[in-house]
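> requesting a structural model of the entry that follows:
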Amino acid sequence: MLYHLFVLLYLLWHSLSNDYVSRASTSRSQQERDPKAEIKGLSRVFHLDNEQDLADLRKEVETRMKASVKPGESVSHETIAIDVRGPGLRPMVLVDLPGIIQHQTKGMGKETRTSIQQMCEEHINNPNAIILCIQDGSRDPESSSVAEIVKRADPKGERTIFVLTKVDLAEQRKVQKSLLSQILSGQKFEMSAKAYFAVVTGTDNPDDTIDAIKKAESDYFLKSEYFRSGFKRDHAGTGNLARSISEAFWERVRTTVDGETKRINSSLKAKEVEWYSKFGKSARMTRDELFNSGKVKMLEHLAAFNSSLTPAQYEAALIDQIWSNISHKVIDDIYMRAATSDDFTTAMNTLLDSWVNNDLPDISVSAAQSALQSEFVKALTVGPDPDKVFQKLEEEVKTKCGKSQKWRSLSIAKLRHLQELKLADDVVKNESEWNQTVQFMANKLRQEAATLHAKHTSLVGVTSWVRWTGPNDQQKTNALVFAELQHYFSGKALPELQDEDLKSVQNQLVKKHPTHKFDIDQIRATAELLYKEHFLQNGLQKLAQCHSQYTSSQNPKSPCHSFRSHDLLLFWRINNMLQASSNILRLEGMQAKKELESQVRDVLDEVSRDPSLKQQIMASPQISLSEEIEVLRHIQTKMTEFRQKLRDEGFLAPPSSSS
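Numbering: from 1, shown residues only. You can find the predicted model right below:
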């Protein structure tokens with residue numbers, strides 16, 4: 001049986017090749033007309049016009065087929081791929097599937113029948129496959145179930161060709177002629193086919209040449225009593241079968257090409273409409289083009305940043321950033337704690353010494369890095385990016401060009417020594433420094449007071465007649481607590497309320513407002529906020545008297561005298577520390593700024609060299625849609641070229657004037 005199938009496949013190849021060559025150009029060299037076959041994994045080339053090579057090829061295939069079947073099994077899913085090249089051979093795959101069996105016999109693997117059926121269905125369910133439904137004419141057709149499988153795959157028979165093999169053996173075994181006629185007229189099996197063919201696929205002598213086999217088949221159909229009359233002559237023999245397969249093949253090609261062309265054109269039009277609706281007239285660019293565009297713009301902005309951020313601007317930004325990081329420590333943990341101690345100066349010195357020996361240098365360096373990073377991040381933008389095409393690219397660069405640990409290690413030791421000196425200085429040297437410190441302290445206290453006022457307002461709520469909104473229940477409760485506590489802080493001396501005082505306030509609130517719930521922690525937090533608000537206001541009132549009164553501060557009776565050695569001295573030290581710290585950090589920061597451009601270039605080059613990273617970073621709906629359009633256009637171009645090639649070779653009709 002294997003021999004007959006192999007002969008049938010070769011006869012089909014031979015006939016298909018000759019059919020194509022008769023329609024193609026004949027101006028080829030002898031070498032080009034020599035058909036060859038190669039088996040994957042084997043270096044030998046088999047010349048198909050050489051009978052010995054052909055026999056060797058058949059033997060090699062038989063050996064591989066037997067070797068591919070594992071012990072205990074009867075079939076193998078391993079594919080033996082034969083690459084056949086020669087004149088007139090089009091890109092085409094011929095798949096020789098195992099024959100469908102009705103029953104499993106002893107010795108077969110238990111999954112043999114199911115495995116064969118699944119393997120066949122996997123191939124014939126491909127809508128572009130041409131199905132050769134092969135039936136052995138010398139055997140009982142009732143034992144075959146192949147028709148059922150073919151019918152499920154191709155109910156209308158649009159891509160099925162029925163082939164009745166070994167009709168010569170059928171005649172020898174006295175199979176009824178009427179039965180063969182029923183089979184070949186499509187009346188026997190519950191299935192449909194485009195055409196029905198009868199073929200002879202070999203002789204009794206396995207050593208016969210292909211030419212001998214072809215002649216034997218031709219002689220048989222000329223002399224056969226079964227097929228001399230009452231049967232279509234053009235449906236007999238492998239030559240006619242090959243021509244029918246060729247016609248079916250090109251019909252499938254035409255149908256597929258026309259269908260795919262319409263689908264591609266329709267998809268392309270839909271994607272272009274989608275692009276216009278989402279992105280207007282924006283130019284479509286590939287992922288690489290967009291990346292290069294973003295890279296150029298980012299480097300341009302970075303170069304502008306390097307030239308525009310002056311040392312003075314950076315130092316001013318440094319002072320603001322350091323103060324932002326230390327303002328809570330200065331006001332809450334040093335200024336207010338020292339003010340409530342028995343000896344302001346002693347408490348202040350102790351707190352400052354501890355601070356500078358612990359985390360002040362680290363905080364200052366972090367602030368300097370944050371200030372530079374903040375300005376740096378502003379520069380690392382491609383520009384207007386409403387579709388967020390460059391968002392991930394910007395994030396990648398910002399993340400990898402982060403803080404420099406080398407800068408931190410170089411700065412800590414220098415800063416600690418400098419800050420110790422500035423925070424230990426006891427004398428305001430001249431009136432100019434005095435007035436600058438008054439202004440500095442006033443600004444910082446006003447900033448803190450404004451922050452507290454905003455927090456106070458949010459806790460009690462504000463009625464808005466424009467939006468018809470008012471305080472919620474919690475804000476109303478908070479307002480009652482504030483009102484009850486206000487009289488405690490009405491005088492110049494600010495009390496620090498103890499737990500028993502807070503409990504008393506709670507009892508008073510419950511008596512006055514029994515429908516509200518008053519939490520002791522809420523009362524404590526409100527008292528602390530009011531204490532700080534009044535503390536800052538008192539400080540600002542006394543500080544206002546000290547502006548431009550440096551000489552009067554020498555007078556013990558002057559209201560500014562106490563500030564000479566207490567409050568003002570603290571902020572004078574803090575201001576000097578900020579100026580000195582920002583100055584030394586500015587030098588290192590400006591050097592780090594120069595290195596950032598090199599780091600950015602390195603990151604962009606890294607992305608450029610890594611296609612997978614680039615694909616991950618340059619990802620957006622705009623890029624995806626642009627690439628889909630480009631792929632469809634490429635396919636459309638290739639389809640047009642393919643259709644033209646088919647027309648040139650006569651396999652596809654020229655386009656109509658209306659198309």
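
> make it CA atoms for all contacts and neighbour counts henceforth
Will do.

> identify the residues contacting Phe574.
Careful, residue 574 is Ile and not Phe. Counting by CA atoms under 8 Å, 6 or more residues apart in numbering, Ile574 touches Lys422, Leu423.

> the same query, at a cut-off of 10 Å, please.
Residues near Ile574 by CA atoms under 10 Å, 6 or more residues apart in numbering: Trp323, Val330, Leu352, Gln419, Lys422, Leu423, Thr437, Phe440, Met441, Leu568, Ala580.

> can you give me the buried ones in the host helix or strand of Gly294?
Element membership of Gly294, judged by DSSP states H and E, is helix 287-308. Neighbour counts using 16 or more other CA atoms under 10 Å place Arg287, Leu290, Phe291, Gly294, Lys295, Lys297, Met298, Leu299, His301, Leu302, Phe305, Asn306 of helix 287-308 among the buried residues.

> who does that helix touch, helix- and strand-wise?
When contacts are defined as 3 or more CA pairs under 10 Å, 6 or more residues apart in numbering; DSSP states H and E, helix 287-308 sits against helix 360-379, helix 391-400, helix 567-609, helix 611-617, helix 621-648.

> let me know the average pLDDT across the shortest one.
If you average the pLDDT over helix 611-617, you get 86.

> for that helix, buried residues please.
Lys614, Ile617.

> for the chain, give me the ranges with low pLDDT.
Counting by pLDDT under 70, the chain has low-confidence residues at 1-33, 88-92, 101-107, 142-143, 402-411, 462-469, 491-493, 546-565, 651-659.

> mind giving me the domain ranges of it?
The chain breaks down into these domains under automatic domain parsing: 2-259, 272-291+616-648, 295-428+562-614, 432-549.

> Asn265: which of the ones you listed is closest?
Closest approach to Asn265 among those is made by domain 272-291+616-648 (7.2 Å; CA to CA).

> next, the distance between the ends of the closest one.
Chord length of domain 272-291+616-648, first to last residue, is 31 Å (CA to CA, to the nearest Å).

> in the stretch 1-150 of the chain, which spans are strands?
36-39, 45-47, 82-85, 131-136 (DSSP state E, counting those that start in this stretch).

> for those strands, which one sits closest to Tyr220?
Between the strands of the stretch 1-150 of the chain, strand 131-136 lies closest to Tyr220; by CA to CA that is 17.0 Å.

> sheet partners, orientation included, of that closest one?
strand 160-165 (parallel) (DSSP bridges).

> run the chain-centre distance for the strand it pairs with.
Centroid displacement of strand 160-165 relative to its chain, using CA atoms, centre = their mean, to the nearest Å, is 49 Å.

> only C-alpha atoms, please: export stretch 326-338 in PDB.
Presented in PDB, the C-alpha positions along stretch 326-338 are these (Å, rounded to 0.1, in the frame of the first residue of the first chain):
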ATOM      1  CA  ILE A 326      13.800  71.400  57.300                       C
ATOM      2  CA  SER A 327      11.000  73.900  58.100                       C
ATOM      3  CA  HIS A 328       9.000  71.500  60.400                       C
ATOM      4  CA  LYS A 329      12.200  70.700  62.300                       C
ATOM      5  CA  VAL A 330      13.300  74.300  62.700                       C
ATOM      6  CA  ILE A 331       9.900  75.700  63.800                       C
ATOM      7  CA  ASP A 332       8.300  72.800  65.700                       C
ATOM      8  CA  ASP A 333      11.200  70.800  67.100                       C
ATOM      9  CA  ILE A 334      13.700  73.600  67.800                       C
ATOM     10  CA  TYR A 335      12.100  77.100  67.900                       C
ATOM     11  CA  MET A 336       8.900  76.100  69.700                       C
ATOM     12  CA  ARG A 337      10.600  73.600  72.100                       C
ATOM     13  CA  ALA A 338      13.300  76.100  73.000                       C
END
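
> for that stretch, which positions count as buried?
Of all the residues in stretch 326-338, those buried under the rule 16+ other CA under 10 Å are Ser327, Val330, Ile331, Ile334, Tyr335, Met336, Ala338.

> again with stretch 175-189
Quick answer for stretch 175-189 (16+ other CA under 10 Å): Val175, Leu180, Ser181, Ile183, Leu184, Gly186, Phe189.

> let's have those residues in CSV, adding secondary structure and distance to Ser504.
CSV is the format used below for these (DSSP: H, G, I helix; E, B strand; the rest coil; distance: CA to CA, whole Å):
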residue, secondary structure, distance to Ser504
Val175, coil, 117
Leu180, helix, 114
Ser181, helix, 114
Ile183, helix, 109
Leu184, helix, 110
Gly186, coil, 106
Phe189, coil, 103
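
> and which of those residues is nearest to Ala236?
The closest of the buried residues of stretch 175-189 to Ala236 turns out to be Leu184 (CA to CA; 10.3 Å).

> mind listing what the closest residue to the closest one other than its chain neighbours touches?
Excluding its sequence neighbours, the residue lying closest to Leu184 (CA to CA, 6 or more residues apart in numbering) is Tyr196, at 5.4 Å. Each residue near Tyr196 by CA under 10 Å, 6+ apart is listed here: 132-133, 160-164, 183-186, 232, 235-236, 241, 244.

> buried subset of the residues you listed, written for PyMOL?
Per 16+ other CA under 10 Å, the buried members of the contacts of Tyr196 correspond to this PyMOL selection:
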select buried, resi 132+133+160+161+162+163+164+183+184+186+235+236+241+244
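
> let me know the closest of the contacts of Tyr196 to His456.
Thr160 (85.3 Å).

> my read is that that closest one contacts Ile130, right?
Yes: here Thr160 reaches Ile130: they are 6.0 Å apart, a contact under CA atoms under 10 Å.

> what do these two both touch?
Ile124, Asp154, Ile245, Ala248.

> thinking the second one is in contact with Glu190, fair?
Going back to what we said before, that points to Asp154. No: with contact defined as CA under 10 Å, Asp154 does not count as touching Glu190 (11.8 Å).

> these two: which has the busier surroundings?
Neighbours were counted for Asp154 and for Glu190 using other CA atoms under 10 Å; Asp154 has more, 21 against 11.

> which residues touch the more buried one?
Ile124, Asn125, Asn126, Pro127, Ile130, Ile131, Glu148, Thr160, Met191, Ser192, Ala193.

> redo those as TSV? Include distance to Glu260.
Shown next, in TSV, are these (distance: CA to CA, whole Å):
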residue	distance to Glu260
Ile124	20
Asn125	18
Asn126	15
Pro127	13
Ile130	18
Ile131	21
Glu148	30
Thr160	21
Met191	28
Ser192	26
Ala193	24
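
> compare those residues and tell me which has the most neighbours.
The most crowded member of the contacts of Asp154, judged by other CA under 10 Å, is Thr160 (26 neighbours).
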